[in-house]
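1. Need the 3D shape of this:
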Amino acid sequence: MTAISLDRPAPVLGGFTLTYLRIELVRKLRNPRALFFTVAFPVLMFFIIGYQMLDEPLTQVPVASGGVSVAAYIMVSMAMYGAMMSATQTGAAVAVERAQGWTRQLRLTPLNPLVNVIVKLLAGMLFGLIAVIATYVVASLVGVQLSAVQWIVTGLAAWLLAGAVFTTLGLMVGYMVPGENVAQITSLAVVLLSFLGGLFYPLSSMPDFLQTVGKLTPVYGIAELARAPLTGDAFDLGALINAVVWLAVFVAGTVYFFRRDTRRS
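-> Down below sits the predicted model:
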C-alpha cells in the first residue's frame, strides 16, 4: 500500500492574502469606538483648537505673505495623534484574540503566526492613514495652506513614523499583558506620551525637568521630524535617532514577547 503523507505544503507568503487584510480593515471600520478616537477625535480637536488659529503665523513670516499658520502645526499634531491611536489598537486586537483562544485556533491553519501579526500591523497603519487623510482634507477645506511638498512630507512623516513606532509599541504590550488591559494601557500611554512629548503644545512652555523628560519620549522625535517642513528648520539628527532607537526597542520587545507567547501556545 502507498503511504499517505499528512504533511501540508507551506502556503505561499505564509498564508498572507489581500482578503484577510481587507477583513481586518473592515473590522476596524465597523468599530464605532475605534472610528471616533482614530478619525473623528483628531478632526474635532483640530476644529476646537486649530480653526481659530488660521491667521496666527507660526514663524515671523505673516500668513498673508505666504507664511505657515499655527493651524497647520496643530493639523500635523492631530493627524499624528490619530495615527498613533490606530497603531496601538493593533496590540489590543492581538491581545483579545489571545484571550479568546483565537490565536490557538489559527495554529491549526496554514497561516503563519507572524503573518497574522503583520496583517494586523498593515491594517492598523492603513486605518491610521484614514485619520491622517481625514484631518488633512478638513484642514485644507477650512483654509490651511501649504506647499505641495509640505503637505506630502508632513503627512507621510506623521503617518509612517507614528504608525511604525506605535504599532510595535501596541504589539509589544499586546503580547506582554492580559487582553482585557491592553486597550486601557495603550490609550493611556499615547495620551501621556503626547503631553510629555509636546504634541499638544510647545515643549518650551514646560518646566526644564519635563522638557528633558519630554525630549526622551518617542513622540518628541516623531513630532519634530513631521513638523520640521512647516518651519523650515534644519534636519534634526537627534530627533531621527530618538525615533529609530524607540522603534528598535519596541521591535525587540515585540519579538521577545511574541516568541514567549508562541512557545506557551
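2. now the helices for the stretch 1-150 of the chain?
-> 18-29, 32-35, 41-45, 70-100, 102-106, 113-142, 148-176 (DSSP state H, counting those that start in this stretch).
3. Number of residues surrounding residue 235?
-> 8 (other Cβ atoms under 10 Å). To be clear about C-beta, it is placed using only N, CA and C from the backbone, and glycine gets the same treatment.
4. Now render the helices of the stretch 1-150 of the chain as JSON lines, adding mean neighbour count, mean pLDDT and distance to residue 257.
-> Listed next are the helices of the stretch 1-150 of the chain as JSON lines, based on neighbours: other Cβ atoms under 10 Å; pLDDT from 0 to 100; distance: least, Cβ to Cβ, whole Å:
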{"stretch": "helix 18-29", "mean neighbour count": "14", "mean pLDDT": "84", "distance to residue 257": "21"}
{"stretch": "helix 32-35", "mean neighbour count": "14", "mean pLDDT": "80", "distance to residue 257": "23"}
{"stretch": "helix 41-45", "mean neighbour count": "19", "mean pLDDT": "90", "distance to residue 257": "29"}
{"stretch": "helix 70-100", "mean neighbour count": "26", "mean pLDDT": "86", "distance to residue 257": "10"}
{"stretch": "helix 102-106", "mean neighbour count": "14", "mean pLDDT": "70", "distance to residue 257": "13"}
{"stretch": "helix 113-142", "mean neighbour count": "21", "mean pLDDT": "87", "distance to residue 257": "11"}
{"stretch": "helix 148-176", "mean neighbour count": "23", "mean pLDDT": "91", "distance to residue 257": "4"}
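5. residue ranges with poor pLDDT in the stretch 151-265 of the chain?
-> Scanning the stretch 151-265 of the chain for pLDDT under 70 picks out the ranges 179, 262, 264-265.
6. returning to what we had before: now the helices of the stretch 1-150 of the chain as a markdown table including distance to residue 245?
-> Below are the helices of the stretch 1-150 of the chain laid out as a markdown table (distance: least, Cβ to Cβ, whole Å):
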| stretch | distance to residue 245 |
| --- | --- |
| helix 18-29 | 29 |
| helix 32-35 | 29 |
| helix 41-45 | 26 |
| helix 70-100 | 17 |
| helix 102-106 | 30 |
| helix 113-142 | 20 |
| helix 148-176 | 10 |
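7. Could you verify that residue 216 is part of a strand?
-> No. Counting by DSSP: H, G, I helix; E, B strand; the rest coil, residue 216 falls outside a strand, being coil.
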